[in-house]
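Engineer: Build me a model from this:
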Amino acid sequence: MKHIYLFLLFFLLFPVLLNAQGIDVPVSEKAKVNLSGMLQTRFSYSLEKDIDVNGKHHASNEQFSRNSFSVKRARLQANATISDRINAVILVNSGEFTGDPQNKVLENAYIKYGVSDYVNFQFGQFRPQFGQEDNYPVDFVRSIDYSNSYYLFASNSWQSFQIGASYYGEIKNSAIPIKYYVGVFNGNNRNQVGDNDDGKIFPARLVFGLGKNTLLGLSGGAGQNMGQKIWAYGADVDYKHKIDDRWGFELVSEYRQGINSVEYFSQTDPVIPIHRYGMRGVYILPNIGYSFKNLRLKKLEFSFRYEYLDSDFKQAGNARQSYIPMFSASFAENYAIRAQLGVLMDRYQHNIPNSVQYNNNRVICQVQARF
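Structural biologist: A predicted model of the protein is given here:
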């Protein structure tokens, strides 16, 4: 635990170190606040008579819904620029109130302090950098939603919104531009009063610019959860190519692997050691788009995400393969108004009756507005 306390001590002494070097820390009496929001609604329809809108199988004649309208996300964000180096962000998702809002509504709540391109700090609740999907909000995702492995690794505290601190920067003027991130987080997910143990997780990430169109990301992390050692790692490739003034092509692919501590701790009296609870996933997402000029319709896109995910591949896992073709139309720049139509096709290694681990096909129609 010694390295943890040294890391925290550095953050506590950071303002003192700045003053010792004669660097002014500006303070503004009046912050500039920018408000923005996003509304995302959808209609879901199950193509199977015994599968509900959430993909759960029903073997009996119980009542359930095969089609439904829903509000997936209703986000409001406040971004306050306090000075030329400090800004604070709060993001809430009131769409969570439609279900169980416990530990969910508050998403981003952090403070950023930037010294230069090379030295930046972030404190609070935010996404740790552990993959390409952490780099953009869900309204910019080229598919119907984030990948299944993103949500699995999020439940294990490596992605999505976590509480902690990070240091990051960028080396621009080099043959291969590099972005780097390192952080320390509680490791028990978002909106918690405090940590539930003394263990912390330490994710790190490097992103290399390989030419104009390609980014290579490498992620890794280690830590402790309730006295158990955990780890995870991954790699991703992001490729973009503008074919001409109208056509463009993008490709994102990611691989992740790690310890599934959630599965381990779900056992009443675990006998198998935690390192035998392994999770891994890979997906590939090509996207082709056609842009219009001087029309209300700005862009048409077609994507197809294939994903393989096994949450317990070292034991009796139940591998899931997902096929998601999706068509989208944007009626304003930067997806300010966007309509999407897709099909979610899940195939499991073994069908488990009366569970979500059952082969299913669902149609999703989604509309979003950003403002």
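
Engineer: can you pull out the helices in the stretch 201-350 of the chain?
Structural biologist: If DSSP state H, counting those that start in this stretch is used as the criterion, the helices of the stretch 201-350 of the chain fall at 261-265.

Engineer: Equivalent analysis for the stretch 1-150 of the chain, please.
Structural biologist: Under DSSP H, counting those that start in this stretch, the stretch 1-150 of the chain gives helices at 2-20, 148-155.

Engineer: Lowest mean pLDDT across those helices, which one is that?
Structural biologist: When the helices of the stretch 1-150 of the chain are compared by mean pLDDT, helix 2-20 comes last with a mean of 46.

Engineer: any idea how far Ile171 is from Val207?
Structural biologist: 11 Å (C-beta to C-beta, to the nearest Å). Every C-beta, even on glycine, is put in place using the N, C-alpha and C of the backbone.

Engineer: Same check on Lys242?
Structural biologist: For Lys242, the distance to Val207 equals 21 Å [C-beta to C-beta].

Engineer: who has more neighbours, those two?
Structural biologist: For Lys242 and Val207, the more surrounded residue by other C-beta atoms under 10 Å is Val207, and the numbers stand at 20 against 14.

Engineer: ok, that one - contacts?
Structural biologist: Residues near Val207 by C-beta atoms under 8 Å, 6 or more residues apart in numbering: 178-180, 215-218.

Engineer: how about 10 Å then?
Structural biologist: Val207 sits next to 129, 132, 135, 170, 177-181, 215-219, 236, 238 when contact means C-beta atoms under 10 Å, 6 or more residues apart in numbering.

Engineer: what does Asp310 give?
Structural biologist: 149, 152, 257, 260, 278-282, 317-321, 349.

Engineer: about what we covered before: of the contacts of Val207, grab the buried ones for ChimeraX.
Structural biologist: Typed into ChimeraX, the next command selects the buried ones out of these (criterion: 16 or more other C-beta atoms under 10 Å):
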select :129,132,135,179,181,215,217,219,236,238
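
Engineer: Out of the contacts of Val207, show me where the pLDDT dips lowest.
Structural biologist: For the contacts of Val207, the pLDDT minimum is Asn135, 87.

Engineer: wait, that residue sits on Pro128?
Structural biologist: No - at 11.6 Å, Asn135 does not count as touching Pro128 under the criterion of C-beta atoms under 10 Å.

Engineer: what about the stretch 101-250 of the chain, any weak spots by pLDDT?
Structural biologist: Within the stretch 101-250 of the chain, the segments meeting pLDDT under 70 span 101-103.

Engineer: So what pairs up with Val252 in the strands?
Structural biologist: Asp238, Leu285 (DSSP bridges).

Engineer: From Met279, how far off is it?
Structural biologist: 20 Å.

Engineer: Same check on Phe371?
Structural biologist: From Phe371 to Met279 the distance is 37 Å (C-beta to C-beta).

Engineer: Neighbour count: the two, which is higher?
Structural biologist: Using other C-beta under 10 Å as the criterion, Phe371 and Met279 rank with Met279 on top: 25 against 11.

Engineer: Only the buried residues of stretch 141-158, if you could.
Structural biologist: Buried, per 16+ other C-beta under 10 Å, within stretch 141-158: 141-150, 152-158.

Engineer: Regarding that stretch, how distant is the last residue from the first?
Structural biologist: 19 Å (C-alpha to C-alpha, to the nearest Å).

Engineer: gap between it and the chain center?
Structural biologist: 5 Å (C-alpha atoms, centre = their mean, to the nearest Å).

Engineer: Show me the strands in the stretch 201-350 of the chain, by range?
Structural biologist: 201-210, 214-225, 228-242, 247-259, 278-291, 299-310, 320-330, 337-348 (DSSP state E, counting those that start in this stretch).

Engineer: Among the ones you listed, which comes closest to Asp50?
Structural biologist: Closest approach to Asp50 among those (C-beta to C-beta): strand 337-348, 14.1 Å.

Engineer: strand partners of that closest one, parallel vs antiparallel please.
Structural biologist: strand 320-330 (antiparallel), strand 360-370 (antiparallel).
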